[in-house]
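Visitor: sharing a model prediction with you, sequence too.
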Amino acid sequence: MELNPIQNTNIQGLHSPRTTAKPQSVMQQVGTTFQEALENISQSQQNSDELIQKLALGEDVELHQVMIAAEQTDVNFRVAVAIRDKLVEAYREIMRMAV
């Protein structure tokens, strides 16, 4: 199994100290990223629901495909909840800071 290194091009310069982006544009990028992630979770859920419905109706669907889709949706949802929890925690920490 070959391991490929992580490319810095996927980060889009968010961690670069030379980034001169305005805070608003960075916030828009973060918002767009989370919106895309939520759309992917929604699509995964719809796919899983469709497979479960087909299985329940007795259509020709492989059981392992249904289980894999359901588990992928579950993992995606858990990751989204963990990200949300970390964002709320960071927000609360920022709000506790003395100015």
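Guide: Thanks, I have it.
Visitor: pLDDT at the nearest residue to Ala69 once chain neighbours are set aside, what is it?
Guide: Of all residues not flanking Ala69 in the chain, Ser48 sits nearest, at 4.3 Å (CB to CB, 6 or more residues apart in numbering). Using the backbone N, CA and C atoms, a C-beta is placed for each residue, glycine as well. On the pLDDT scale, Ser48 is placed at 94.
Visitor: buried residues, the helix or strand hosting Ser48. List them.
Guide: Using DSSP states H and E, Ser48 sits in helix 23-56. Buried positions in helix 23-56, judged by neighbour count with 16 or more other CB atoms under 10 Å: Ser44, Gln45, Ser48, Leu51, Leu55.
Visitor: contact partners for the residue positioned nearest the centre of the chain?
Guide: Geometric centre of the chain, nearest residue: Ala37, 3.9 Å, by CA atoms, centre = their mean. Counting by CB atoms under 8 Å, 6 or more residues apart in numbering, Ala37 makes contact with Ala80, Ile83.
Visitor: lowest-confidence helix or strand of the chain?
Guide: Least confident helix or strand of the chain, by mean pLDDT, DSSP states H and E, is helix 23-56 with a mean of 89.
Visitor: now for the helix or strand just after it, which elements pack on it?
Guide: Following helix 23-56 in sequence order, the next helix or strand is helix 63-96 (DSSP H and E). Counting contacts by 3 or more CB pairs under 8 Å, 6 or more residues apart in numbering; DSSP states H and E, helix 63-96 packs against helix 23-56.
Visitor: and the angle for the helix it packs on with helix 63-96?
Guide: 150 degrees (axes from the mean of the first three to the mean of the last three CA atoms, to 10 degrees).
Visitor: quick one: the residue nearest to Ala69 and Gln65 touch, right?
Guide: No. Ser48 sits out of contact with Gln65 when judged by CB atoms under 8 Å, with a separation of 10.1 Å.
Visitor: with Asn76 as the reference, measure out to the residue nearest to the centre of the chain.
Guide: Going from Ala37 to Asn76 by CB to CB, to the nearest Å gives 8 Å.
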